[in-house]
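Asker: model this:
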Amino acid sequence: GLYQPSAVILKSIAGALGIAPEKLYEAAGWLGGDKPENEETDVETAIRTDARLTTRQKEALLEVYRGFLRGAER
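Answerer: As a prediction, the model looks like this:
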């Protein structure tokens, strides 16, 4: 809990371990875990892996994006 690695770092670690990056994203708390891994959209992946954004910016963008999706389902 002392460090918050970037999506790029987690993706590199996942590649070295031979596992899906989403497994590490979920462990880092970036995925809610309430939907299967294979349902992550390209938009979510793009946000999560953009090295130009801070962790907080990524969380905020994902929250807004998912809110729009929930609104469209109603």
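
Asker: Phi, psi for T54 please.
Answerer: Torsion angles at T54 (phi, psi; degrees, to the nearest 10) stand at phi -80, psi 170.

Asker: no wait, S6
Answerer: Recorded main-chain torsions at S6 are phi -80, psi 170, according to degrees, to the nearest 10.

Asker: Give the buried residues for the lowest-mean-pLDDT helix or strand in the chain.
Answerer: When each helix and strand of the chain is scored by mean pLDDT, DSSP states H and E, helix 21-27 comes last, with a mean of 81. Neighbour-count burial for helix 21-27, with 16 or more other C-beta atoms under 10 Å as criterion, is recorded at P21, E22, L24, Y25. For the C-beta atoms, the positions are set from N, CA and C on the backbone; glycine is no exception.

Asker: Look at R52 and give its secondary structure.
Answerer: coil (DSSP: H, G, I helix; E, B strand; the rest coil).

Asker: what's the distance between it and G18?
Answerer: 28 Å (C-beta to C-beta, to the nearest Å).

Asker: would you list every one of the helices in this structure?
Answerer: 7-17, 21-27, 42-49, 55-73 (DSSP state H).

Asker: Mean neighbour count, the ones you listed: which tops it?
Answerer: Highest mean neighbour count among those (mean count of other C-beta atoms under 10 Å): helix 21-27, with a mean of 17.

Asker: Who are the packing partners of it?
Answerer: Helix 21-27 sits against helix 7-17, with contacts defined as 3 or more C-beta pairs under 8 Å, 6 or more residues apart in numbering; DSSP states H and E.

Asker: coming back round to it: by mean pLDDT, show me the worst of the helices of the chain.
Answerer: The minimum mean pLDDT among these belongs to helix 21-27 (a mean of 81).

Asker: which residues are contacting that one?
Answerer: Where contact means C-beta atoms under 8 Å, 6 or more residues apart in numbering, the residues beyond helix 21-27 that reach it are A7, L10, K11, I13, A14, G15, L31, G33, E37, E40, R48.
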